[in-house]
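Structural data only, the sequence is not supplied:
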């Protein structure tokens, strides 16, 4: 396990910091690349779609989880373990 890494992103011209584990940063980059987009643009789109009561870091983690569960990953993320 890793400690979340804080990184700065620009959304609509405003700088903000987001703390995410490296696996989520990598996954966001892979998903953005698979869509032919930049990670910053994907983060901005997720930010615009999230309800105000949900923090940005939470929204990003939930987005990545949703994409993996929906099978939309790039094949580089690996499937979630199946626990019965």
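Ah, there it is. Source: prediction; values computed, not measured. Residues are numbered from 1 along each chain as shown.

When you work out contacts or count neighbours from here on, use the C-alpha atoms and nothing else.
Fine.

neighbours around residue 50, how many?
Residues lying near residue 50 (other Cα atoms under 10 Å) number 15.

Could you look up the SS state of the closest residue to it other than its chain neighbours?
Using Cα to Cα, 6 or more residues apart in numbering and skipping residues adjacent in sequence, the residue nearest residue 50 is residue 59, 6.5 Å away. Here residue 59 is recorded as helix under DSSP: H, G, I helix; E, B strand; the rest coil.

Contact partners for residue 59?
Listed by Cα atoms under 8 Å, 6 or more residues apart in numbering, the contact set of residue 59 reads 46-47, 50.

pLDDT at it, what is it?
Note for residue 59: predicted pLDDT of 98.

Assign residue 6 to helix, strand or coil.
strand.

So that it lines up with my notes, have the first residue be 37 from now on.
Okay, using 37 as the starting number, the last item reads as residue 42.

check contacts around it.
By Cα under 8 Å, 6+ apart, the residues touching residue 42 are 53-56.

Now, of those, which are buried?
By neighbour count, with 16 or more other Cα atoms under 10 Å, the contacts of residue 42 hold 55-56 as buried.
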